[in-house]
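Colleague: My questions are about this predicted structure, shown below with the sequence.
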Amino acid sequence: MKGIEQLRWLGGVLIAVIMGWFASHSHMDRSHHDRLEEVVNRVLNLETGFNQKLVLIRFGILSHYDDTVTYQREVMNALQQARDQVGFQEEDGLGFLEAWRALELELRGKLDRIERFKTGHALLKNAMAHLPLMIHDRVRMIEQGMKGELDHGAVRELLNLLQEMMLFFNRHDNEEVLRRIEGLLANMVGFPQFTDVVDDVWLILAWKPRTDQLLDEIIHLPMAQKWQNLLRISYAHYLKRQKTALIYQVMLLGVSLGLLGMFLKVLWSLKVATTRQRRLQQAVDSSGDAIGTLDPLGAIQFINPGFTQTTGWSSSDVVGKSLHEIEGYLQESAVREGIRQAIEEGNSWRGLLSVRPKQNGSQTAGNICWQQFGLTPIHSKRGRLEGFVMLAHDITGLKQTEEQLVQAKEQAENADRIKGVINELLEISLIAEPLPVILHMALERILAISWLPIEQKGAVFLKDPGGERLLLSANVGMHPELQVRCARVAYGTCLCGLAAKTNETVFASHLDERHVIRLKDMSPHGHVCLPIQSGGRLLGVLDLNLRDGTQREEILEDFLELVTTTLAGVIERKQAEEMLQKLYHAIEQSPVAVVITDLRGVIEYVNPKFCLNSGYSREEVIGQHTRMLKSGHTPDEEYRELWASILQGQEWHGEFQTRKKSGELFWESVSISPLRASNGVITHFIAIKEDITERREIDDQLRSAKAAAEEANRAKSEFLANMSHEIRTPMNAIIGMTALCLHTEVTPKQENYLRKIERAAQSLLRILNDILDFSKIEAGRLEMEKTTFRVRDVVEHVATLVSLPAGEKGLAFVVRVDSDVPEHLIGDPLRLGQVLTNLASNAVKFTSKGEVTVVVQFTAKRGEEIGLRLAVRDTGIGLTPEQQGRLFQSFSQADSSTTRRYGGTGLGLSISKRLVEMMQGGFEVHSALGQGSEFAFTAWFALPSAQEVAKLAAKTLTRPVEAYGQMLRSVAAQPILLVEDNEFNQQVAKDLLELAGLTVRIAENGAEAVRVLEDGPYLVILMDLQMPVMDGHEATRRIRSMPEWQGVPIIAMTANVMTGEREQCLANGMNDYLSKPVDVDRLFSTLVRLLCPDAEALLAAPATSTPGIQPPELRLPVLPGMDREGALTRLAGNRDLYVKLLFRFLEGHRLSDREIRLALERGETALATRLLHTLKGVAGSIGAAVLQELCQEMEHDLTRGLVLEQERLVRLSEALRSVVAVVEEGCACLVRDRPEQGTGGSSAPKPEALLALVEEMYPHVQQSRPRPCLPLVTSMVAMGWTGEIGAAIGRLEQLLRKYRMKEAVIELDTLKKAIQLLI
Amino acid sequence: MLVFWWGQGAAWAVPLLNEPILPVPECRMEDGAKVRLGRQLFHEVRLSANNAMSCATCHPLDQWGMDGIPHSTRADGTLNTMHTPTVFNAVFNLAQFWNGRVLTLEEQVDEAVRVDMGANWNEVVRKLSQEPQYREEFARVYRGGIHAENIRNAIAAFERTLTTPNSRFDRHLRGDESALSKQEKEGYQLFKTLGCISCHQGVNIGGNMFHRFGILGGGGEEVASEPGELDRFVVTGVAEDRHAFKVPGLRNVARTAPYFHHGSVATLDEAVTIMARGQLGYTITPKERTLLVSFLFTLDGETNGDCR
């Protein structure tokens, strides 16, 4: 058997080896041959082409050898590739390698020949090239009569013959030619002149045949044959291999099939055997019985898992041992003997075993188990004993069941009794009585149980919901005194308290020390107190009196626990019922309406209040959808929102109108919330609704009352605003007149009075301003400006205002601006200054010695905004906390005594606070009485862009008019036409333009402008829009209609700043637009842009102040109430011009109000409008802002066709008069202060004379001739000018003496303009 | 139509045809990664036994590819018996070394590393393998990683890019009329008529053939051959190859002094004179020499010949 098996294996291995052999030989790869074929084909092509190239080279057609290099490279490459194919042919016996080596040798020979050919050919080519040249050279020498005894003619012929023969000489020429050449050479040998020719020819003769021979050899080398030979061998080899491979393939197939058949058969029988084995194994393994095999001597060979399960011994414990050696397995001696005998005799044995399983086995540890045991001998086919099979069936379970049956019968009887009690208790709980009654009945039933060792006494306590106490709820047989004393039992007191505290049953067989609550003469008894609990929560305690001396075992504790559990259920249900009842009543009797709906909104419950409110009965609404209550006035969206909200589980609150049954509507405040079941799922919605119709009515009333109050307050504020305005006008007069009066001759006493009046008036004015601001704030009319400003300017302005009074009081005034405070900000500098001034002047006011400090700090950055903290500190009287509290109330000061001592309205801080709030900031005050105060506030500002800063800088740094003059110089030859009806405005524009060196022609109105244009070319037309006779628009249209005036630039100038004006101007053909009062910078930059675009770039450069050109400080009139500085800025700081304008104003407009009134009375509205317009412009120019504003409003109303009321005209008159008064007063001072400027002074030098001298000096200065200038300037000095002109003359003289002629020209210009202003 | 033709015709550059000298191709395509690796290896001192010498030591690329001295020093301190030629345009040569003993640049690298740099390849491979960057690069570019054959191939690939196109003379060949001055054009003409062109032709103006030094007398004796001179005879064993060498290419010749296989001639003037007498049997006049030299100066190309 075994031999056959081995033979089979050997056969398999043999077959595999044979197959491997076949497989390795059946492989057939053509690619080597294919590649070789490809290489050979390539080389053959290459060879053909290359041979042609060589011929071309030989005959000088191809003049370089690069192709030979290419050939060499490619052919060597091909050779290598062919060699790489050798791999499989090495042992072929067909001579491939020999053929390849022969080829290589041949190829190397060829390459070598090529190299030699090239060398020779180069030499030959060179020699051939030289020969004609040499011969030509010699022939020339001969012709030039060379010395020597040569027969010239013969030699020349000889040479020519030689050349001819050499050049057409080739390999195939016969010996004859060669001989002749040699003959010719021999003739020449005698002549040294021909040595090199002879050498050359000999060279050719030597190299030519050799080179040609090489070429011939190369071309005829059998290269192709060698290559093809290689290919042929390869192919033969390929064929041979193919044949062999085929044979092997067939053999391989046969062997493979045989092997496959064998393999399948083996596989099948293996599968059958394995399956059978596996099934058997599974049966044994899965059997619950203990199965094992023994060898013939009785040693255990194998046990199944069942054996281990039932007995606890594992394979490792028992395998190899006999059954007798297993301790505790064969216990009875009869059994042991029987089995031993059976094994010895080879018989079977059957019987019952009591087995003690292995001690450390977990499942049956220690318990005896019973087995039905069988031992059966196994014999081989030949009848030899091979061993035993043992099989043991466990019958322990059967034995145990028998015992249990007996016990079960006893228990069943007890259970019936218990069931009866519990059922009765449950029945009691269903009686509709209050909880104490139920408990009493239950207690009676429990005490009636005869099979417990209890007395007929007991009690039920319930937990006090308000604390850790038990309340006596029911009792049976309790002594009345005990009832009182046990009405409330604290946890831990007495037995019941202990049970409550520990949540465990307390048992006492006698009266012991734990029994705290006792009566005198108590009969001896025991107690069992059981906690009544539900889910670990204590509900109460059941207390039963026991017969004295009862043992714990007797009381059937399990049963009593069952009883308490039942009681717990009863109590809980009863309590829940009562709670439910309470809640029901709460909803039923609720003062608000309650509606419960299902998830769709269908009403399931409503309370009586709802019925009362809506008029529906309960039956009418239940089952209906809530939409029946809709009023139709609430938007659907709100409902959608409501549903979305509550369906998401959120509460919803709102108000809406509901329709009553009667159709009447009423307002309800509604809260709807989802009701969730205990698992969190929304099951219902509950709506709580309150009738708020009444409340809403009250709200409405309140609102309208509030609106009325606000309206009244606003009216008050407006009234205040008007009032203060009305007061201001006369105040101007008082202040102005006082100032006037102060300038007249007054006695010291009078001056003292006047000063006091002035101060009083000023403070009155301040109060007025405060009231005005306050009323504006109250009326909500105060608006914060948003402009770019310099923080330093604001602070400096405050310092200027406050440092003077501070100085008067001897206080130090310190300003500190931190370096991290940005230089420029966007905000309202005026209001910021106002707050700061207010704080600072307060500080000065309330400080008698020490110092006042203003500190500006950077605090924070919030996005694009900057926060500043501005603080004013003083060392003054300070404030009490109560005073601080009242500080910011309107009309309040620290206390009334302060008012008496320091004056003031008490509005300042209140206004400041409001202003600071408008700057998004807040106030803080730190102060202590007598120790000074710090008032600080924060404010937020935007940061300006670089562009805005530049704009501000451009605005602040006014470009001197002269600078524009230089830019416009190139075009200054032609005059400018100014079309303007108002004399005042004419003056302003003319003077400004002339200051820049431009000539100005004036036309009174449009018609005149059209006429004047005929006279000659104008550079530009400055066109006022509102004029009598013909207005600016019409004039422009006329001008543009004439072809010759198409191109002249027209700039509109108007005080109308209404939107649309600009567009209309441009539509009419004007080039640009300026608003009045004219801003000098804008005027000139517009001119530069229109007239000299080249100079426009200069405009972009920042304006720099040019020192030395500006006239010296000229004292200006004090003009209270007027914006003198603003006006001056618009005039490029030209103070002289400003003064002149003031005089013009007095002359031309003193009575403008009457003219306007007259025009209105006559119904000439257009005239009145124009007059108002003019007055507005003039007022703006001199800085009379109030007047300007008034005029603008009135003009605006007139153009809209409104009738002006008499009062407004009166206001206009008053404003005008006040301005006239102020200006008159200011100018009067001016006349008094500067007598040299006076018009009528006889001693004053004549401007005309000075002008003549200036004119005379001009050409000299311009041509840089200082000498003639000096006497002239001496004359000027001698004229005795003082003031500005005097200073200018002085500077001119200095410049001339230093020969600084260019600067002198500028100075002269300045002087000339100053004089012209005077004339 | 005629106007159009004239207008266009003026701008056309018409290449010169059938000239024995060919312009250097504008660019040569090679595997970029290999070339980069080859460039690094070209400058790699670990190729030498003493870790101090790289290819660039004798062939500095910023000095026209050669060291400018008659004989370079080997890694072992001995002097090379032959003058070091430039590495530029070596790709055009039919074989490498003066006697052409190897055909390919790879073989040249092999010999230079073993003989001149005194290294052995196993050692070189071991040294380079210690460098992670090389391991990475080789693994990326070559299948076999760091291996002598691959190192040689990379360096050769790099050297194949070292051509010098766009010389003034090449522009002349491509039809740029203004590329050469009148004198230079005359020089070229003389180069052809004297017969220099017989050997110095093709792309590299030489480099594609062998020739005996001083075949027409003079050169051989005047500039005596030195001991250890490796002439063509060493390779072929044929007597007539004694004193025969590869004809050197004349590209950038004005920049690659000293001259000849022994490098003992320092100036171009002298070299031209010796060549004329030795190879052409002709004594040139100073004027002719000036013309020839001025032509040779037009052969300077641009040394960034690889396609970067």
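Modeller: On my side now, so go ahead.

Colleague: Tell me both backbone torsions, phi and psi, for the most centrally placed residue in chain A.
Modeller: For chain A, the residue nearest the mean C-alpha position is residue A:863 (13.2 Å; C-alpha atoms, centre = their mean). Backbone geometry at residue A:863, expressed as degrees, to the nearest 10, gives phi 60, psi -120.

Colleague: go on, the one 4 residues further on?
Modeller: The phi and psi values for residue A:867, taken as degrees, to the nearest 10, are phi -100, psi 130.

Colleague: Identify the residues contacting it.
Modeller: Going by C-beta atoms under 8 Å, 6 or more residues apart in numbering or on different chains, residue A:867 touches A:858-861, A:921, A:938-940. In this view, the C-beta of every residue, glycine as well, is placed from N, C-alpha and C.

Colleague: and it, bridged to which residues?
Modeller: residue A:860, residue A:940 (DSSP bridges).

Colleague: Tell me which residues of the helix or strand where residue A:335 lies come out buried.
Modeller: Using DSSP states H and E, residue A:335 sits within helix A:333-345. Residues of helix A:333-345 classed as buried: A:335, A:338-340, A:342-343 (neighbour count, 16 or more other C-beta atoms under 10 Å in any protein chain shown).

Colleague: name the helices or strands packed onto it?
Modeller: strand A:349-355, strand A:369-379 (3 or more C-beta pairs under 8 Å, 6 or more residues apart in numbering or on different chains; DSSP states H and E).

Colleague: Compute the inter-axis angle for it and strand A:369-379.
Modeller: If you take axes from the mean of the first three to the mean of the last three C-alpha atoms, to 10 degrees, helix A:333-345 sits at 10 degrees to strand A:369-379.

Colleague: who are the neighbours in contact with residue 188?
Modeller: The chain I'm using is chain A. A:158, A:194, A:197-198.

Colleague: try chain B instead
Modeller: Residue B:188 neighbours (C-beta under 8 Å, 6+ apart): B:169, B:172, B:180, B:295, B:298.

Colleague: so the first one makes contact with residue B:297?
Modeller: In other words, residue B:169. No - look at residue B:169 against residue B:297 with C-beta atoms under 8 Å: they stay out of range, at 9.2 Å.

Colleague: Look at residue B:276 and say how many residues are nearby.
Modeller: By the criterion of other C-beta atoms under 10 Å in any protein chain shown, residue B:276 has 23 neighbours.

Colleague: Give me the pLDDT value at the closest residue to it other than its chain neighbours.
Modeller: Closest residue to residue B:276 apart from its sequence neighbours, by C-beta to C-beta, 6 or more residues apart in numbering or on different chains: residue B:284 at 4.4 Å. Residue B:284 is assigned 89 on the pLDDT scale.

Colleague: thinking residue B:284 is in contact with residue B:273, fair?
Modeller: Yes - under the criterion of C-beta under 8 Å, residue B:284 makes contact with residue B:273 at 6.4 Å.

Colleague: Show me where chain B has its strands.
Modeller: Assigned by DSSP state E, chain B shows strands spanning B:210-212, B:244-246.

Colleague: so which of the ones you listed gets nearest residue A:746?
Modeller: Closest to residue A:746 of the strands of chain B is strand B:244-246 (C-beta to C-beta; 124.7 Å).

Colleague: most surrounded residue in the contacts of residue A:867?
Modeller: Result: residue A:939 is most packed of those (other C-beta under 10 Å), 24 neighbours.

Colleague: Looking at residue 274 now. What's its pLDDT?
Modeller: All of this refers to chain A. For residue A:274, pLDDT reads 90.

Colleague: look at chain B instead
Modeller: The score at residue B:274 is 89. That number is its pLDDT.

Colleague: cool, and residue A:902?
Modeller: On the pLDDT scale, residue A:902 is placed at 56.

Colleague: Kindly report the same for residue A:79.
Modeller: 89.

Colleague: what does the one 4 residues further on give?
Modeller: The pLDDT attached to residue A:83 in the predicted structure is 82.

Colleague: Thanks again, I'm all set now.
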